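K.L.:
When you get a sec, could you give me coordinates for this:
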Amino acid sequence: MKKVSINLLTNVMLLLAGIILIIFHQSADIMLWVARVMGAMFLLPAINYLVMVAVRHADASKSADYMGVLPAVGGLCFGLVMIIKPEKFEEILQLLMGVLLVVLGAFHIIYLLLSRGSLKVKGWYYVCPMVVVLCGLLSLLVPSLRESDSTVVLMTGISLLLFNFTSLQEYLAERRVRRAATQPVETVPVAQDDTITEVDLTEE
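P.N.:
You can find the predicted model right below:
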C-alpha cells in the first residue's frame, strides 16, 4: 500500500478517536470505551494493510509488501484483545495514553527538524506537537491528573486533534514543495537585433 494511504488512514482514525474521547470524556465507564477506541486504532489500519497486501499478491515478491506484515499481525491481535477484553487494560490505559501522546508529538517534532530545509518549516509549526508532548508528560507525571480519568481522556482527545492539525500543516507544506518542483521553468525570451544586416565579403 502506498505511504500516503497509510498516513491518511492513520490520521482519520486518530481524528475520529479524538472526537469520540472529547464527546464522551465524562462517561462513567469511559476507560472501557477508551480501551475499545484504542483497540480500533490498532485493528483497522492493520486489517487494511493486510487486505492490501493480499490484493497485491501478484507483486508479493517485493520486500516492501512484507516489511509491515508482522507488525500488522501484531497490531491486529492487540487491537482484538483491547476490544474484546477492555477491562484487562483499564489500569494501564492512562500510561498507554501518555506514552502515545509523547511518541506522536516527538515523531512530528523530529520530522519537522529533519525537513526544515526542504519544507521551509516555520517556527509555529512546532507549537502543536510540543503541546501534544506536554500533555503526554503531564498525564504521566502529575498525580492529580492521573486521579481524574475524565481530565486525562479530554487532554488525550484534544491532543489527537492537534496531532491531525500538525499532519495537515505538513501535508500542505509538502504539497507546496511538490507543486514548485513540477512547475515548468520559464524561459526568458532573447531579444533579437534587427539592425544586423548582411555584409558582402566579396571584393570587387
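
K.L.:
Longest helix in the protein, please.
P.N.:
Determined from DSSP state H, the single longest helix within the chain is helix 149-182.

K.L.:
Return the list of helices and strands in contact with it.
P.N.:
helix 3-23, helix 30-55, helix 93-115, helix 127-141, helix 143-146 (3 or more Cβ pairs under 8 Å, 6 or more residues apart in numbering; DSSP states H and E). All C-beta atoms are positioned from the backbone trio N, CA, C, and that covers glycine.

K.L.:
and that helix, what's its mean pLDDT?
P.N.:
For helix 149-182, mean pLDDT is 83.

K.L.:
do the same with stretch 33-49
P.N.:
On average, the pLDDT along stretch 33-49 is 83.

K.L.:
Pro71 and Ile47: what is the separation?
P.N.:
As judged by Cβ to Cβ, to the nearest Å, Pro71 and Ile47 stand 13 Å apart.

K.L.:
what about these two, which has more around it?
P.N.:
More crowded of Pro71 and Ile47, by other Cβ atoms under 10 Å: Ile47, with 14 against 11.

K.L.:
Which residue comes closest to Pro71 once chain neighbours are left out?
P.N.:
Spatially, and ignoring its direct neighbours in sequence, Pro71 is nearest to Ala46 (8.0 Å; Cβ to Cβ, 6 or more residues apart in numbering).

K.L.:
lowest average confidence, helix or strand, in this structure?
P.N.:
helix 63-66 (a mean of 52; mean pLDDT, DSSP states H and E).

K.L.:
right, and the helix or strand after it?
P.N.:
Toward the C-terminal end, the helix or strand that comes next after helix 63-66 (DSSP states H and E) is helix 69-84.

K.L.:
got the CA coordinates for that next one in PDB?
P.N.:
C-alpha atoms of helix 69-84 as PDB (Å, rounded to 0.1, in the frame of the first residue of the first chain):
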ATOM      1  CA  VAL A  69       3.100  -7.800   7.700                       C
ATOM      2  CA  LEU A  70       4.400  -8.900  11.100                       C
ATOM      3  CA  PRO A  71       3.700  -5.500  12.800                       C
ATOM      4  CA  ALA A  72       0.300  -5.500  11.200                       C
ATOM      5  CA  VAL A  73      -0.500  -9.000  12.600                       C
ATOM      6  CA  GLY A  74       0.700  -7.900  16.000                       C
ATOM      7  CA  GLY A  75      -1.500  -4.800  15.800                       C
ATOM      8  CA  LEU A  76      -4.400  -6.900  14.700                       C
ATOM      9  CA  CYS A  77      -4.100  -9.300  17.700                       C
ATOM     10  CA  PHE A  78      -3.500  -6.500  20.200                       C
ATOM     11  CA  GLY A  79      -6.500  -4.500  18.800                       C
ATOM     12  CA  LEU A  80      -8.800  -7.500  19.100                       C
ATOM     13  CA  VAL A  81      -7.800  -8.100  22.700                       C
ATOM     14  CA  MET A  82      -8.400  -4.500  23.600                       C
ATOM     15  CA  ILE A  83     -11.800  -4.500  22.000                       C
ATOM     16  CA  ILE A  84     -12.900  -7.900  23.400                       C
END
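
K.L.:
Give me the buried positions along that helix.
P.N.:
Ala72, Gly75, Leu76, Phe78, Gly79, Val81, Met82, Ile83 (16 or more other Cβ atoms under 10 Å).
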